[in-house]
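Student: Predicted model and sequence follow; I will ask about them next.
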Amino acid sequence: MRLVIQRVARSEVRVAGAVVADGGPGLLILVGIGVDDREDAPAKLARKVWHLRIFEDEDGKMNRSIEDVGGDIVVVSQFTLYGDTSAGRRPSWIRAAPPEVAEPAVERFAAELASLGASVRTGSFGAHMEVELVNDGPVTLILEA
């Protein structure tokens, strides 16, 4: 499982021109599910994200988590995080989990965040989405499990 975590001032996801998810300040998280991912990866990474200290405290140091600041989280599935271009210029997607595996895993990730107390909104799995964000900092991290 791969995550691209972006600290945002705001974010918005649109499908066919309609807003399906928005939030901020907080996090926009792009989620890729791989064919070899463990069953416990969504819960493990949700807990890691919840406690990740990437927000500034009163001294300007990154000491606060999304739990501490109470920000929104927007979760967007993105199989392209498993694109492999090592053998050429056209990405291969063989390391990305098929939709019937990936969709429940993304849903488990979002549900785990919500169970921890997060305000979570999600994009539309499998849809062509327009994702807009204002990166805060900018702060962007990659996590894998």
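Tutor: Arrived safely, thanks for sending.

Student: Could you give the number of residues near residue 50?
Tutor: Around residue 50 sit 18 other residues, with neighbours defined as other C-beta atoms under 10 Å. Placement of C-beta: from N, CA and C, glycine included.

Student: Give me the next element, helix or strand, following the helix or strand where it lies.
Tutor: Using DSSP states H and E, the element containing residue 50 is helix 41-51. Later in the chain than helix 41-51, the nearest helix or strand by DSSP H and E is strand 55-56.

Student: contacting residues around that next one?
Tutor: With C-beta atoms under 8 Å, 6 or more residues apart in numbering as the test, strand 55-56 has contacts from 7, 62, 63, 64, 65, 66, 68, 69, 71.

Student: can you count the residues close to the second one?
Tutor: Applying the criterion other C-beta under 10 Å, we find 14 residues in the vicinity of residue 62.

Student: isn't it right up against residue 68?
Tutor: No - using C-beta atoms under 8 Å, residue 62 is not in contact with residue 68; the gap is 11.1 Å.

Student: Name the surrounding residues that touch the strand or helix carrying residue 136.
Tutor: Using DSSP H and E, residue 136 maps to strand 129-144. Residues from elsewhere that reach strand 129-144 (C-beta under 8 Å, 6+ apart): 1-15, 20, 24-25, 28, 45, 48-49, 52, 54, 62, 76, 123.

Student: filter these to the buried ones?
Tutor: 1-8, 10-14, 20, 24-25, 28, 45, 49, 52, 54, 76, 123 (16 or more other C-beta atoms under 10 Å).

Student: contacting residues around the spatially most central residue of the chain?
Tutor: The centre of the chain sits closest to residue 29, judged by C-alpha atoms, centre = their mean, with a distance of 2.0 Å. Applying C-beta under 8 Å, 6+ apart to residue 29 gives the contacts 3, 4, 5, 6, 49, 73, 74, 75, 76.
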